[in-house]
Every structure is written in C-alpha cells, then in structure tokens.
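> can't give you the sequence, but here's the structure:
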C-alpha cells in the first residue's frame with residue numbers, strides 16, 4: 001500500500017501535536033521512498049519539464065521529502081531521549097517500544113548501548129582501560145580533474161525565459177547571457193525551443 005501525500009502530511013501533524021511517539025506504519029520510510037521513486041519515473045516520462053503539471057509534481061516531491069525529514073527529526077529526538085533514559089536505568093514503557101519501526105528500534109538500541117558504555121567508562125569506572133589511540137596520518141593531496149555529472153548540461157541563455165523549477169528541485173531565474181549548469185531534461189527543452197545554446201567547455 002502506497003503512502004499518499006495527504007496521509008504523510010496527516011502523520012506529520014500528529015507527530016507535531018503529540019508529546020510522544022505516535023503509531024505510524026511499520027514500513028513508512030520504505031513506502032515513502034518507493035512513492036518518491038514512482039513520482040520521479042512519472043516525472044521523467046512526462047516529456048516536458050517546463051509544463052505546469054511537471055512543475056507541480058516537482059513541488060510535491062520536495063514537500064514529501066520535507067515532510068519525511070521533519071517526521072524523522074521529531075521521532076529520532078524522542079527515541080534518543082528514551083534510549084538515554086534506558087541507559088541511565090529508567091524503565092521504558094513497552095508501548096513506546098512497540099511504536100518504533102525496525103529502523104528506529106535499531107537506532108534506540110545503538111544509542112542506548114553507546115550511552116551505557118560511556119556511563120560505564122566515565123561514571124561507574126567499570127571499564128578501566130585507555131581509549132583507542134587514533135593516529136593521524138598526513139595524506140598527500142591528489143589533484144584530480146573534476147568530471148561533470150552525467151545528468152547535467154551546461155548551457156548559455158540567449159532569449160528571455162520565465163522562472164522555472166528544474167528536475168533537481170531548484171528554481172531558476174535566468175537572463176540572456178547567463179551560463180548555467182542545468183539538469184539535462186531542462187537543458188534539452190530550452191535548447192530545442194531556441195531559448196539556450198548547449199555550451200561545451202573545451203581545453
């Protein structure tokens with residue numbers, strides 16, 4: 001079952017309003033990534049990256065990413081607080097453990113173990129040994145030639161063009177004479193419409 005835009009927004013609102021973890025789908029993160037991949041495929045199949053429909057889809061993808069990031073931030077802050085409390089001897093409600101996804105449970109266990117180890121070293125003195133010695137080695141700087149990304153193209157704008165949102169989610173406001181690196185689908189459309197010229201930097 002896919003996670004819709006409205007469903008994800010509702011989960012975010014619940015997380016904001018609650019002072020504790022809420023009950024989210026156990027595969028939320030996976031389903032959201034699958035939905036984003038589906039939308040990107042539809043985006044690249046649309047044929048016209050400057051159309052209003054395409055621009056709306058790009059904005060929706062960015063909103064979904066933003067929603068997921070905020071959900072992650074809220075929940076991980078609470079999970080880290082619970083893990084720290086457990087490491088310091090508090091009993092954690094089983095219901096809180098049930099509300100964690102498998103990825104969040106791994107985070108909980110990792111943080112709890114790390115805090116327990118630190119407590120044993122710095123407070124309880126259960127571990128009486130020196131910490132690991134980290135040797136810093138100077139590495140020779142290697143100068144490599146930067147290779148352009150395969151998914152972008154450098155173009156020069158030759159006629160006025162309205163601001164648009166690219167496939168990379170960035171908004172471009174360009175003027176004639178500007179030289180800019182654009183996602184290839186956007187660059188192709190601009191060149192096909194005689195709005196821009198493909199520019200190749202030669203040695």
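Arrived safely. As the structure is a computational prediction, the values presented were derived from the model and not from experiment.

> skip ahead from the longest helix seen in the chain and say which helix or strand is next.
Counting residues, the longest helix found in the chain (DSSP state H) is helix 52-87. Going down the chain from helix 52-87, the next helix or strand is helix 94-98, by DSSP states H and E.

> please state the offset of whichever helix or strand comes after that following helix from the chain centre?
Towards the C-terminus, the helix or strand next in line after helix 94-98, according to DSSP H and E, is helix 102-122. Taking C-alpha atoms, centre = their mean, to the nearest Å, the mean C-alpha location of helix 102-122 is offset from the chain mean by 24 Å.

> show me what helix 102-122 is packed against.
Taking 3 or more C-beta pairs under 8 Å, 6 or more residues apart in numbering; DSSP states H and E as the contact definition, the neighbouring helices and strands of helix 102-122 are helix 52-87. (Each C-beta comes from the backbone N, C-alpha and C, glycine too.)

> elements contacting the helix it packs on?
Where contact means 3+ C-beta pairs under 8 Å, 6+ apart, helix 52-87 is packed against helix 5-17, helix 28-45, helix 102-122, strand 164-165.

> deepest of those, which one?
Across those, the average number of neighbours (mean count of other C-beta atoms under 10 Å) peaks for strand 164-165, which reaches a mean of 20.

> let me see the mean pLDDT of that strand.
Per-residue pLDDT values across strand 164-165 average out to 82.

> what strands line up against the next helix or strand after it, and which way round?
Counting by DSSP H and E, the next helix or strand C-terminal to strand 164-165 is strand 171-172. Partner strands for strand 171-172, per DSSP bridges, with pairing direction: strand 164-165 (antiparallel).

> burial count for residue 192?
By other C-beta atoms under 10 Å, the residues close to residue 192 number 9.

> tell me who's in contact with residue 158.
Residue 158 makes contacts with 176, 177, 194, 195, 196, 197, as judged by C-beta atoms under 8 Å, 6 or more residues apart in numbering.

> what do you get if the cut-off is 10 Å, keeping everything else the same?
By C-beta atoms under 10 Å, 6 or more residues apart in numbering, residue 158 lies in contact with 176, 177, 178, 190, 191, 194, 195, 196, 197.
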